[in-house]
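# missing the sequence, but the structure's below:
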């Protein structure tokens, strides 16, 4: 336990040091009302300034029923869910405050179309293998990844594979995990900086509301959305959300039950829910998919505070954030807090009421 604490403290200390191309704290928007704290680019919540310069991790996590619950998923600032082969979705948890997590996972394999979503945040990508379609991108020098097995399925080596361990409570492939200290050690071995990287890091992602955005400004164009049903988007998991007006959050369920974090048993909840309709195709007889993550012609929905509006979205490059617009052409204003993003196959309907 003493060694674990020492490693985590080393990570936090490193995060506070402007080394290895880290973005200076002066470039991160400060909050004058509370010295030493800044606004998170992920949630707009106040966080310690030294935390704001630590790179996030992006962890591939399963939606398989037998694999639940995931550990550390409740710490995700941004949670993506995207379909994979076999008509089963997978999740990618982007976690900024990860250096204290004692168990992370289980960790599953990656697919090529998660990489453009991940690079928006310049994370350390945590996965357990992948597929040949990601061969060229996952091995590119700008990608910092830690993989438990061959990083693109049929080859490429397994950078940082000693960061993972298996448990006996579940059968493979549902029992591979890692920890914050293990990630820190792997980054040191691989030469990955733990601080945000100048030239890759984007200080601007979402636009957040100044106060609370109830969507009332859209009048009748803002539909009631106290319940969100994604069962036609993700028919295996039947992912769904129920709005709780008491705290203004959407609570997530999976397989008809509350989706919880194995570390604390708490149900996942989000201030913002986005459905991002995306062009897609099937690549081969095995059912591997392709999603057109870089685009400017598709639409979707934004849910918050029990309401919903239609949106459009655009993304111009790997490290360029995805931007969402209302039907008037204005960038939408998210509420403070965590965001769930369903990258949905275009043509699969979303139900809400």
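Perfect, I can see it now. All values derive from a computational prediction rather than experimental measurement. Numbers count the residues shown, from 1 in each chain.
# ok, residues contacting stretch 146-159?
Residues outside stretch 146-159 that contact it (Cβ atoms under 8 Å, 6 or more residues apart in numbering) are 107, 109, 124-135, 138-139, 145, 160-161, 163-164, 176, 178, 183, 186-187, 190. For every residue, glycine as well, the C-beta is placed using N, CA and C.
# if you set the cut-off to 6 Å instead, what comes out?
Outside stretch 146-159, the residues that touch it by Cβ atoms under 6 Å, 6 or more residues apart in numbering are 126-132, 134-135, 138-139, 160-161, 163-164, 176, 186, 190.
# with stretch 56-75 instead?
Stretch 56-75 is contacted by residues 89, 91-96, 98, 101, 103-106, 108, 110, 118, 121, 123-127, 174, 237, 255, 260-263, 266, 268 when judged by Cβ under 6 Å, 6+ apart.
# tell me how far it is from the chain's mean position?
Its chain's average C-alpha position is 10 Å from that of stretch 56-75, according to Cα atoms, centre = their mean, to the nearest Å.
# also stretch 47-56?
Worked out by Cα atoms, centre = their mean, stretch 47-56 lies 16 Å from the chain centre.
# what lines up beside the strand or helix carrying residue 61 in the sheet?
If you go by DSSP states H and E, residue 61 is part of strand 57-62. Paired neighbours of strand 57-62 in the sheet (DSSP bridges): strand 89-95 (antiparallel), strand 124-127 (parallel).
# give me the buried entries from the contacts of stretch 56-75.
Burial by neighbour count, 16 or more other Cβ atoms under 10 Å: within those this picks out 89, 91-96, 98, 101, 103-106, 108, 110, 118, 121, 123-127, 174, 237, 260-263, 268.
# of the strands paired with strand 57-62, which is nearest residue 221?
strand 89-95 (29.2 Å; Cβ to Cβ).
# toward the C-terminus, what is the element adjacent to that closest one?
The first helix or strand that comes after strand 89-95 along the chain, using DSSP H and E, is strand 104-105.
# so how far is whichever helix or strand comes after that next one off the chain centroid?
Downstream of strand 104-105, the next assigned helix or strand under DSSP H and E is helix 114-119. How far helix 114-119 lies from its chain's middle: 9 Å, per Cα atoms, centre = their mean.
# tell me the mean pLDDT over helix 114-119?
Mean per-residue pLDDT for helix 114-119: 98.
# again, but for stretch 149-165
Per-residue pLDDT over stretch 149-165 has a mean of 97.
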